[in-house]
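Student: Return a 3D structure for these sequence lines:
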Amino acid sequence: MDGMRIGELARRTGVSERSLRYYEQQGLLVARRTQGGHREYPEAAVDRVVHIQELFAAGLHSRTIHRLLPCMRDSDGSPNEVATPLLVEELTAERERIDRMIDDLLRSREVLDEVIATASGQPQQQPSPEAA
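Tutor: Numbering: from 1, shown residues only. Okay, here's the model as predicted:
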């Protein structure tokens with residue numbers, strides 16, 4: 001198997017080597033070891049690391065990501081038939097949590113807009129359509 005070393009995977013994904021080792025420790029990423037003990041990753045590891053980053057950015061924890069990754073195809077990130085009803089329930093709850101965070105952020109932005117308008121002496125603007 002021709003694979004890439006950890007430095008190349010880090011360069012191609014923009015993720016630190018330390019994070020890649022953490023992903024491996026958490027069971028999110030698998031590396032083959034060479035006879036010299038170096039990590040070697042398959043080409044599909046690039047897509048997997050991108051998916052892991054997206055899921056962390058969405059606020060999911062590593063144990064949730066660990067359960068979710070087998071349900072995703074590395075090539076396109078779309079779901080496959082491995083998803084369980086329990087996982088769907090958990091991910092639905094995560095989505096609802098993200099929706100609440102978005103609502104909170106929109107309210108915070110409205111308050112900031114009011115403060116900025118007041119402080120600058122400008123007339124208050126109407127809320128943006130996505131805030132409604």
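
Student: how close does Trp112 sit to Arg5?
Tutor: Check again: residue 112 is Leu, not Trp. To Arg5, Leu112 is 46 Å away according to C-beta to C-beta, to the nearest Å. The C-beta positions use only the backbone N, C-alpha and C, and glycine is treated the same way.

Student: so where's this protein uncertain?
Tutor: Low-confidence segments of the chain, defined by pLDDT under 70: 1, 73-83, 123-132.

Student: quick check: longest helix of it.
Tutor: Secondary structure assigned by DSSP state H gives helix 85-120 as the longest helix of the chain.

Student: Could you measure from Phe56 over to Leu69?
Tutor: On the measure of C-beta to C-beta, Phe56 and Leu69 end up 12 Å apart.

Student: Spit out the contact partners of Ala58.
Tutor: Counting by C-beta atoms under 8 Å, 6 or more residues apart in numbering, Ala58 touches Glu94, Ile98.

Student: Please enumerate the strands of the chain.
Tutor: Using DSSP state E, the strands of the chain run over 32-33, 39-40.

Student: Deepest in the core, which of those strands is it.
Tutor: Mean neighbours per residue, mean count of other C-beta atoms under 10 Å, is largest over the strands of the chain for strand 39-40, with a mean of 19.

Student: thinking again about what came up before, out of Leu112 and Arg5, which sits in the busier spot?
Tutor: Shown here are Leu112 and Arg5; by other C-beta atoms under 10 Å, Arg5 has more neighbours (15 against 10).

Student: tell me the domain ranges of the chain?
Tutor: With domains defined by automatic domain parsing, the chain comprises 1-83, 84-132.

Student: Just name the most buried of these.
Tutor: It is domain 1-83: most buried of those by mean count of other C-beta under 10 Å, with a mean of 15.

Student: Can you tell me, leaving aside adjacent residues, what's nearest to Gln122?
Tutor: Ile116 (7.9 Å; C-beta to C-beta, 6 or more residues apart in numbering).

Student: measure Ile65 to Arg95 for me?
Tutor: 15 Å.

Student: Sorry, slip of the keys, the one I care about is Val15.
Tutor: 24 Å.

Student: same check, this time on Asp113
Tutor: Counting by C-beta to C-beta, the gap from Asp113 to Arg95 is 27 Å.
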